[in-house]
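Asks: Quick one: sequence plus predicted model below, questions after.
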Amino acid sequence: MTVEAQKETRGFQTEAKQLLHLMIHSLYSNREIFLRELVSNASDAADKLRFAAVKDDSLYEGDSELKVRVEVDKDANTITISDNGIGMTRDEVIENLGTIAKSGTAAFVQSLTGDEKKDAQLIGQFGVGFYSSFIVADKVVVRTRKAGVPADQGVRWECDGEAEFVIENIEKPARGTSIELHLKSSASEFADDWRLRSIIKKYSDHIAIPVVMQMPQAVGEDEAAQEPQEEVVNTATAMWTRSRSDVSDEEYKEFYKHVSHDFADPLTWSHNRVEGNLDYTSLLYIPAKAPFDLYNRDGARGLKLYVQRTFIMDDAEQFLPLYLRFVKGVVDSNDLSLNVSREILQKDPNIDSMRSALTKRVLDMISKLAKNEPERYAEFWKEFGQVIKEGPAEDFANREKIAKLLRFATTHTNTAAQDQSLDDYLSRMKEGQEKIYYIAAENHNTAKNSPHLEVFRKKGIEVLLLSDRVDEWLMSHLMDYDGKALQDIGKGELDLGEMDSEEDKQAQEKVAESLKPLIERVQKVLGEKVAEVRITHRLTESPACVVVPEHEMGAQMRRLLESAGQTVPDSKPIFEVNPEHPLVKKLDHEQDEDRFGDLVEVLFDQANLAEGAHLADPAAYVQRLNKLLLELSH
């Protein structure tokens, strides 16, 4: 039978017209993906030949230098991607190209065993990447010959993206496959040497075999007088696959700038290879400066994902939790479940395992920095501390590890610097102290001057001063540390445990009993404004304070939610008065009920102002205060 006699037109083995239309218009979100897919397929073909040649070296046919060649003809509006890999027979062409979603690579992986399967650097899983050609081409011509078969058993396959393809035998001296794309007029932008080079650098820079293109001719050179020279476009050596001892600090820093688009050097990095049930490599960086969109929780984030050194996506957010959204880097895995376009990760237990391990690695990096380089850790905390505070609410499994990284301002240092850890606090706890105490306020000055601190200063008990917007939310999820409960001193009853003697407690109860009539009078004045009025022993200098009921939302959290436009439930504070303060004693002896009411309202408003709250009726407060001042002047 002659070569020409074997030419035939065949239909695809699926409802090809509809499926091709779906793939061309819906499957891929970015047209330049076609080159990534075809270069990946060519890389697979080279890997298949490499494995086959281990048993039969003659398959190399005297040419063991594997490569992918990309050629462009601007005048003809064509691109050709060719390889000297394993190639295909006629039957394989019909099976692999004539049946959409039939993956020769997937079948090949199934045929491998033992270390071969572990070492195979194969990309294709679905057999649809080839058809991404039709995103940019209105005709595709494939020429191929299987390694080890005669030159006259080459095969030509042609398709215009409709329901049929043409296949015929041809003479093909060189083994391997070439794919010629006849570009659509709307895709002529890709018939450009520099455009293709940039796509290759972006998506295929780190595949294991070289991708070559013809060197551009210098201006004024006689093109006919010179042999075309080829050059390698990609690096062909993924830096993250090299041994850590072979990579210099400068190379790590330059690669960080490449993946992060940051001009500054990173603060630190971690390069790690995992082998076992999961095989993957990670190269993770912590930036020195926070990006401008750090607090946009819906912004693009995540690691660059590669599968077998081929770029899959820029922002693979599945590998790290949201509170570590500032981390940059690369993860390269041998086996991940991708959707058919390779642009979206599917739900997979392997991803969950990798997420857990990568999260732990980042936290270990940060912990190491905190332990060994406290000055640099202070820089890190200044930039990223507020997002780390999101961690305990989002990552319960690592709550204790995250808690060790937290830094706070406290009454111990009397500065606004957040430089004290919870371990520092524990080391200074008083004998008999059973809780870690904190106060949350709108800003540092309000926190450090809160009347709630008065009894703690008197007894020398340290208190954490919280003023970041996220702090109260953090504490609602942290709750305890190293067996010690965290207590908001602005909420509920004050209980100092063993630090209050039995005699003190009995004396407090006696005072409270004696002032019951005063409490009832105050309660009558304030009415529905408060949940309760009671005697306090947390104050030593101030006449009164407001306290949030034990199980209700704190003032800082309420303000945060309200500023975000969220509806918050109504809440009434508890009003506590200091029985030892001269104003309260004066109040107890006041007989004029109108004057008594004005004094109570002024004390209540002052207590709210001390907490950083906004008064419901500032004008009324000013009028009462002026009235009382005028009375004093007479």
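Replies: Received the coordinates, thanks. Fair warning: this is a prediction, and the values are worked out from it, not measured in the lab.

Asks: Using CSV, write out every CA atom in stretch 416-431.
Replies: The C-alpha trace of stretch 416-431 is given here as CSV (Å, rounded to 0.1, in the frame of the first residue of the first chain):
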residue,chain,number,x,y,z
ALA,A,416,3.7,51.8,73.0
ALA,A,417,6.2,49.3,71.5
GLN,A,418,4.7,45.8,71.0
ASP,A,419,7.8,43.9,72.1
GLN,A,420,6.7,41.6,74.9
SER,A,421,5.8,38.0,74.4
LEU,A,422,3.3,36.0,76.4
ASP,A,423,6.3,34.0,77.8
ASP,A,424,7.9,37.3,78.9
TYR,A,425,4.6,38.0,80.8
LEU,A,426,4.5,34.6,82.4
SER,A,427,8.0,35.0,83.7
ARG,A,428,7.0,38.1,85.6
MET,A,429,3.7,36.9,87.0
LYS,A,430,3.0,37.5,90.7
GLU,A,431,2.9,34.7,93.2
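
Asks: For that stretch, buried residues please.
Replies: Q418, D419, Q420, S421, L422, Y425 (16 or more other C-beta atoms under 10 Å). C-beta coordinates here come from the backbone N, C-alpha and C atoms, glycine included.

Asks: can you give me how far it is from the chain middle?
Replies: 30 Å (C-alpha atoms, centre = their mean, to the nearest Å).

Asks: got it, and stretch 237-256?
Replies: On C-alpha atoms, centre = their mean, the centre of stretch 237-256 falls 22 Å from that of its chain.

Asks: Restricted to helices, list the buried residues of stretch 416-431.
Replies: Secondary structure assignment by DSSP state H places L422, Y425 of these in helices.

Asks: Could you export the buried residues of stretch 416-431 as TSV, including pLDDT and distance to H444?
Replies: Below are the buried residues of stretch 416-431 laid out as TSV (pLDDT from 0 to 100; distance: C-beta to C-beta, whole Å):
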residue	pLDDT	distance to H444
Q418	94	9
D419	92	13
Q420	95	13
S421	96	18
L422	96	19
Y425	96	17
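
Asks: Dump the buried residues of stretch 416-431 to a markdown table, plus distance to L526.
Replies: What follows is the buried residues of stretch 416-431, written out as a markdown table (distance: C-beta to C-beta, whole Å):
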| residue | distance to L526 |
| --- | --- |
| Q418 | 37 |
| D419 | 41 |
| Q420 | 38 |
| S421 | 41 |
| L422 | 38 |
| Y425 | 36 |
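
Asks: For W240, state which of the buried residues of stretch 416-431 is nearest.
Replies: S421 (32.7 Å; C-beta to C-beta).

Asks: correct me, but the closest one touches L406?
Replies: Yes. With contacts counted by C-beta atoms under 8 Å, S421 reaches L406, the gap being 6.8 Å.

Asks: The nearest residue to K67 once chain neighbours are set aside: how many residues sit nearby?
Replies: Nearest non-adjacent residue to K67, counting by C-beta to C-beta, 6 or more residues apart in numbering: P210, 5.0 Å away. Each residue near P210 was counted by other C-beta atoms under 10 Å, and the total is 19.

Asks: List the residues that contact P210.
Replies: Residues counted as contacts of P210 (C-beta atoms under 8 Å, 6 or more residues apart in numbering) are K67, V68, V232, V233, N234, A236.

Asks: Show me the shaky parts of the stretch 451-600 of the chain.
Replies: In the predicted model, the stretch 451-600 of the chain carries pLDDT under 70 at residues 498, 500-501.

Asks: For the helix or strand in which P517 is found, give me every contacting residue.
Replies: Here P517, judged by DSSP states H and E, is contained in helix 516-526. Here helix 516-526 makes contact (C-beta under 8 Å, 6+ apart) with 530, 532-535, 575, 577, 584, 587-588, 596-597, 600-601, 604.

Asks: Any buried residues in stretch 263-279, and which?
Replies: Result for stretch 263-279 [16+ other C-beta under 10 Å]: buried residues D265, P266, L267, T268, W269, S270, H271, V274, L278.

Asks: now, which of those residues lie within strands?
Replies: Among the buried residues of stretch 263-279, DSSP state E puts T268, W269, S270, H271, V274 in strands.

Asks: Name the next helix or strand following the helix or strand of the chain with the lowest mean pLDDT along the chain.
Replies: Ranked by mean pLDDT, DSSP states H and E, the weakest helix or strand in the chain is helix 114-119, scoring a mean of 58. Using DSSP H and E, the helix or strand that follows helix 114-119 in sequence is strand 137-145.

Asks: contact partners of the helix or strand following that next one?
Replies: Later in the chain than strand 137-145, the nearest helix or strand by DSSP H and E is strand 154-159. The set of residues external to strand 154-159 that reach it, using C-beta under 8 Å, 6+ apart, is 88-90, 93, 97, 139-145, 165-172.

Asks: now stretch 64-78
Replies: Outside of stretch 64-78, the residues within contact range by C-beta under 8 Å, 6+ apart are 35, 39, 42-43, 46, 49-50, 53, 79-85, 180-183, 185, 188, 191-193, 196, 200, 209-214, 230, 233.

Asks: got the CA positions of that stretch in PDB?
Replies: Provided in PDB are the C-alpha atoms of stretch 64-78 (Å, rounded to 0.1, in the frame of the first residue of the first chain):
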ATOM      1  CA  SER A  64      20.700  12.000  22.600                       C
ATOM      2  CA  GLU A  65      20.600  15.800  23.000                       C
ATOM      3  CA  LEU A  66      16.900  16.300  23.800                       C
ATOM      4  CA  LYS A  67      15.300  19.700  23.200                       C
ATOM      5  CA  VAL A  68      12.200  21.600  22.300                       C
ATOM      6  CA  ARG A  69      12.400  24.000  19.400                       C
ATOM      7  CA  VAL A  70      10.000  26.900  18.900                       C
ATOM      8  CA  GLU A  71       9.900  28.600  15.500                       C
ATOM      9  CA  VAL A  72       7.900  31.500  14.300                       C
ATOM     10  CA  ASP A  73       7.100  32.700  10.700                       C
ATOM     11  CA  LYS A  74       5.600  36.200  10.900                       C
ATOM     12  CA  ASP A  75       4.900  36.400   7.200                       C
ATOM     13  CA  ALA A  76       3.100  33.000   7.100                       C
ATOM     14  CA  ASN A  77       1.500  33.800  10.500                       C
ATOM     15  CA  THR A  78       2.600  30.300  11.900                       C
END
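
Asks: in that stretch, what counts as buried?
Replies: So, applying 16+ other C-beta under 10 Å, buried residues of stretch 64-78: L66, K67, V68, R69, V70, E71, V72, N77, T78.

Asks: Could you work out the most separated pair of those residues?
Replies: L66 and N77 (28.8 Å).

Asks: contacting residues for A316?
Replies: By C-beta under 8 Å, 6+ apart, the neighbours of A316 are G302, L303, K304, L305, V331, L345.

Asks: Show me which pair in the residues you listed is furthest apart.
Replies: K304 and L345 (12.9 Å).

Asks: thinking again about what came up before, as CSV, the contacts of P210 with secondary structure and distance to V259 would be great.
Replies: Shown next, in CSV, are the contacts of P210 (DSSP: H, G, I helix; E, B strand; the rest coil; distance: C-beta to C-beta, whole Å):
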residue, secondary structure, distance to V259
K67, coil, 26
V68, strand, 23
V232, strand, 21
V233, coil, 19
N234, coil, 16
A236, coil, 18
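
Asks: and which of the residues you listed is nearest Q318?
Replies: The closest of the contacts of P210, once distances to Q318 are taken by C-beta to C-beta, is N234, at 26.4 Å.

Asks: was I right about the closest one contacting K201?
Replies: Yes. With contact defined as C-beta under 8 Å, N234 reaches K201; the gap is 6.8 Å.

Asks: any idea how far the residue nearest to the spatial centre of the chain lies from I199?
Replies: Note on the chain: the residue nearest the mean C-alpha position is R325, at 3.1 Å, using C-alpha atoms, centre = their mean. R325 sits 28 Å away from I199, going by C-beta to C-beta, to the nearest Å.

Asks: Thanks again, I'm all set now.
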